[in-house]
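Engineer: sequence-free structure coming up:
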């Protein structure tokens, strides 16, 4: 009789599950990012994606964490999935390009920066990112043009002056390069002063 009574209780009072929703997994992931539990955050974003395979923000957040942890290939995979959901997300092309550049896939990175610029040509940082990829690829002239475009959009873009100065210096334009590095130093770039002392005497 006791056994039957237990079964009856189970039938009358069903077990309450604690399954989390897609949004709860996403919010929990954000909370874990804030507390620097990056692996836990990835698990939560992954659970959110399993429940909703088109969850754009979950892919982006997971990609950003993977990039931060040095998993550039994993980040590229997530950025690619996000782009498939929102093909006109310029910032995501740029982010994917940065990940590709870190893997020394410079032409692939440049292609992504080209796409970002095509969608949002008014954003200076996209030109700077492409300039950086061109610099690492050895195309200093192309890099200088990109940095110049970034500076035209944002005349106080310190990092663009700094990197354009390096590109000019490496391209054989020492005086102009040092002038840009000096400008970057005035705008507060931490390493500019050391380069001025070492290379621009």
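Structural biologist: Yes, it's here. What you see is a predicted model; the values in this text were computed from it and never measured.

Engineer: And the contacts of the host helix or strand of residue 66?
Structural biologist: Per DSSP states H and E, residue 66 falls inside helix 56-68. By Cβ atoms under 8 Å, 6 or more residues apart in numbering, the surrounding residues in contact with helix 56-68 are 25-26, 29-30, 33, 38, 41-42, 45-46, 48-49, 52, 72, 74-79, 81-82, 85-86, 92, 95, 98-99. In this view, the C-beta of every residue, glycine as well, is placed from N, C-alpha and C.

Engineer: can I see the domain layout of this protein?
Structural biologist: The chain breaks down into these domains under automatic domain parsing: 21-87, 113-201.

Engineer: Make CSV from those domains and add mean neighbour count and distance to residue 107 to it.
Structural biologist: Shown next, in CSV, are the domains of the chain (neighbours: other Cβ atoms under 10 Å; distance: least, Cβ to Cβ, whole Å):
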stretch, mean neighbour count, distance to residue 107
domain 21-87, 18, 14
domain 113-201, 19, 7
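
Engineer: For residue 104, find the nearest of those domains.
Structural biologist: domain 113-201 (7.4 Å; Cβ to Cβ).

Engineer: in the chain, which helix or strand is least confident?
Structural biologist: helix 2-12 (a mean of 40; mean pLDDT, DSSP states H and E).

Engineer: Now the element after that helix, going C-ward?
Structural biologist: Helix 2-12 is succeeded, C-terminally, by helix 22-34 (DSSP H and E).

Engineer: In terms of secondary structure, what does that following helix contact?
Structural biologist: helix 38-51, helix 56-68 (3 or more Cβ pairs under 8 Å, 6 or more residues apart in numbering; DSSP states H and E).

Engineer: pLDDT of the first one, averaged?
Structural biologist: The reference is to helix 38-51. Average pLDDT, helix 38-51: 98.

Engineer: quick one: it to chain centroid distance?
Structural biologist: Distance of helix 38-51 from the chain centroid (Cα atoms, centre = their mean, to the nearest Å) equals 18 Å.

Engineer: Residues contacting that helix, please?
Structural biologist: Residues from elsewhere that reach helix 38-51 (Cβ under 8 Å, 6+ apart): 20-23, 25-26, 28-30, 32-33, 55, 58-59, 61-62, 65-66, 68-69.

Engineer: between it and helix 56-68, how many degrees?
Structural biologist: With axes from the mean of the first three to the mean of the last three Cα atoms, to 10 degrees as the basis, helix 38-51 and helix 56-68 are set at 150 degrees to each other.
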